[in-house]
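**Q** let me see the structure of the following:
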Amino acid sequence: SLQATEVAAADKPSEGPGQPGIEWGIVAAAGIAVQGVCTLRIDFGLETVVHVLAAMVTVMGTMQHAAVSNAWFSSLPDSSPLIHKHGPGSLGLWIRRDLAQQVGSSGGPLLLFGLPLAVQAASRLGLIETKLSTENLMGLMQWLLVAGIAVFFCSYTFDLVAFSADELQQG
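**A** Predicted structure coming up:
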């Protein structure tokens, strides 16, 4: 049976990155693991500093992985069994490449980070009255960021299921 890693090696693009960015995915996963061990505390101690640094590593690893992975997938030949044009297999690449680019180019990150700051500024200037605290909005922003990272990495499930189904059909 043909393994996905063997197919990836065989379909190595002639241009673009030679690897699909797996190392950066591991960096992101390590950042998440450290955040699970060193939790965010109210007091600004060493554990909180490590948690925040791990969050930065997670975001950096995810962004670097996304850039390298998307370039790698985009440079694969159309005949590659890793590229699924139809069905559930195509959904994973659409989420990682097309949807991520649409959200990024439409100001999604600016809205995600800017909304809590804008609400705080408007509240302090007396333009609006709100019961939302900055901490609540920052918490919401953090969870939306984590959800985006989770959706990004979970989208590989569609590729794995489609690839496995192809392998079963080939016998």
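**Q** which secondary structure elements does the helix of greatest length in the chain contact?
**A** The longest helix of the chain (DSSP state H) is helix 46-74. Using 3 or more Cβ pairs under 8 Å, 6 or more residues apart in numbering; DSSP states H and E, the elements in contact with helix 46-74 are helix 22-37, helix 100-105, helix 134-154. Glycine gets a C-beta too; all of them are placed from N, C-alpha and C.
**Q** can you list these in JSON lines and add distance to residue 55?
**A** Compiled in JSON lines, those are given as follows (distance: least, Cβ to Cβ, whole Å):
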{"stretch": "helix 22-37", "distance to residue 55": "6"}
{"stretch": "helix 100-105", "distance to residue 55": "19"}
{"stretch": "helix 134-154", "distance to residue 55": "8"}
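**Q** quick check: angle from the longest helix of the chain to helix 22-37?
**A** For helix 46-74 against helix 22-37, the angle by axes from the mean of the first three to the mean of the last three Cα atoms, to 10 degrees is 150 degrees.
**Q** return the set of buried residues in helix 46-74.
**A** 50-51, 54-55, 57-58, 61-66, 68-73 (16 or more other Cβ atoms under 10 Å).
**Q** and what of stretch 119-135?
**A** Applying 16+ other Cβ under 10 Å to stretch 119-135 flags 119-120, 123 as buried.
**Q** what is the burial count for residue 77?
**A** When counting by other Cβ atoms under 10 Å, one arrives at 10 neighbours for residue 77.
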